[in-house]
Each structure stands twice: as structure tokens, then as C-alpha cells.
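sharing a sequence plus its predicted fold:
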Amino acid sequence: MKKLIPLILICSVMLMITSCNEKSSLEENYIEKYNGKIIKTETLKSIKKTFNIQIPEQLNEIQLKEIATQIKRENTKYEQLFIFYFLPDTNVAWATTHYNINLEINIHGADKDEEKAMKSLDLPTGNILGKWFDNSPYIERSIIIYEDNDIYKMKVKYKDGSVGEEDLRKSNKNGLIQFDYNNDFGEYLLIQKNDKLALYGKNGLISVSNKIK
């Protein structure tokens, strides 16, 4: 005669399995999962803690929430948490997930679809020197520099879909190609040795654009 397994034992085992699965899910390292890296932290007693996190690409709100929840779980003694996310070659936060009582998620820069649209800028006629994308929040744009009838030009497509053009003046600076254009901020472009396009202003480097192949 087969012995019946007590119902209470079955329930206990199921509860343990469920509990373990939930614990495993909660303890997952989402920073590593999305190839992020904490590059800076600052604390003010137990009042607040600030995190700067480098991410290789844009994340969606669900992914940002997962990272924020992990950091909150690991830093319960702080009343406020301020979490900033930076894309490569940028010094302005692409997104933030702040815990100021409740979680607040804000994405300041372009998402993947908006980036794709900007990179779809049609090539102009003429000799193309290069095509770059600047992923800096608030100034995202794709840039094409080309030569047409001995005149250097820059064609730009912005996040809102608008397209603009500027005439450029080519020169050399310390062995690098520099392009100047009319503006009120002392801005100019410099093609670096690694083929990245740097934007400078009166106060120094503003942003760096990666070349689109």
C-alpha cells in the first residue's frame, strides 16, 4: 500500500521553490546584465547617495527600472538615491532614475528608433569625407561632411527630423583636419586620429561623434 505524502509537506516544498525563484529574480545583477558599469559614487551621510553609470546603448524604461530597483535594494540606508546614466563619449546624462521618496524615471536623450531615423540621413552629391553620429543628449544629430564644387559643407539631421546645412572652412590644427563654420559660440569641428569627430567651443570639448560605417 502506497503511503500518501502529507499535503502540508507538498505545500512547504512548493513554497520553498517559489521563494527561491523570487529571491533569485530579485538578486539578479541588472547592471551587469545590461553591460553597465558604475563609474562614480558620492554619499552625504545617510541622506543621499549618487551613482553615475556608464551604459553601452540606450535602455528602455523597464530596464532602467530594474537597475534602479537593484540599487535601491542594495542601498536601503539612504533616504534619497540619484542615479545618472551616461552613453559612451558623453558627459551629459542620457537618463536618470531618482528615488526621491518614489522612483522617477526620466529619459533625456534619443531612443534607438530616433537614433536610427537620424542615421538615415541621405547622402548628398559630392565627395563624402565622412558620416558621424553625435549621441549627446539634447544635441543628438547625424553629421555628413562633404565637398561639392571645391566648397566644404556639413549636412545635419536632428532628433526632431529637421535637416540643416552649413558651409565649412577647412584648415589644419596640429596635424588634424579642422572645420570652422559661422556661429556665435566659437564652435568648430576636429577630425581626430581615431576618425571620431569632436565638437569644440570656447570652453573646450563639447561632444564626440562616432563615425557611421
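Cool, got the structure. Residues are numbered from 1 along each chain as shown.

what mean pLDDT does stretch 71-85 have?
Mean pLDDT, taken over the full extent of stretch 71-85, equals 97.

again but with stretch 92-110, I slipped
For stretch 92-110, the mean pLDDT works out to 96.

end-to-end on it?
The first and final residues of stretch 92-110 sit 13 Å from each other (CA to CA, to the nearest Å).

list the contacts of it.
Contacts made with stretch 92-110 from outside it, assessed by CB atoms under 8 Å, 6 or more residues apart in numbering, are listed as 52, 55, 58-59, 61, 64-65, 67-69, 72, 80-87, 118, 135-138, 140, 159. From N, CA and C alone the C-beta is placed, and that goes for glycine too.

among those, name the ones in strands.
Secondary structure defined by DSSP state E assigns 52, 80-86 of the contacts of stretch 92-110 to strands.

so which bits of the top strand by length along the chain are buried?
Scanning the chain for the strand with the most residues, using DSSP E, yields strand 163-173. The neighbour-count criterion (16 or more other CB atoms under 10 Å) identifies 166, 168 as the buried residues of strand 163-173.

same question for the helix or strand just after it, mean pLDDT?
Following strand 163-173 in sequence order, the next helix or strand is strand 176-180 (DSSP states H and E). When pLDDT is averaged over strand 176-180, the result is 97.

next one: strand 176-180 to chain centre, how far?
Computed by CA atoms, centre = their mean, to the nearest Å, the chain-centroid distance of strand 176-180 equals 27 Å.

just stretch 64-72 next, same as before
Between the centre of stretch 64-72 and the centre of its host chain there is 16 Å, according to CA atoms, centre = their mean.

about what we covered before: what about burial for the contacts of stretch 92-110, which qualify?
52, 55, 58-59, 64, 67-68, 81-87, 118, 135-137, 140, 159.

tell me which residues touch the residue sitting nearest the centre point of the chain, please.
Nearest to the geometric centre of the chain sits Leu87, at 2.9 Å (CA atoms, centre = their mean). Contacts of Leu87 were listed using CB under 8 Å, 6+ apart, and they are 55-58, 94, 109, 135.

can you classify Glu114 as helix, strand or coil?
Under the three-state scheme (DSSP: H, G, I helix; E, B strand; the rest coil), Glu114 adopts helix.

so what's it up against?
For Glu114, the set of contacting residues under the criterion of CB under 8 Å, 6+ apart consists of 140, 159.

can you rerun that using 10 Å?
Residues in contact with Glu114 (CB atoms under 10 Å, 6 or more residues apart in numbering) are 58, 140, 158-161.
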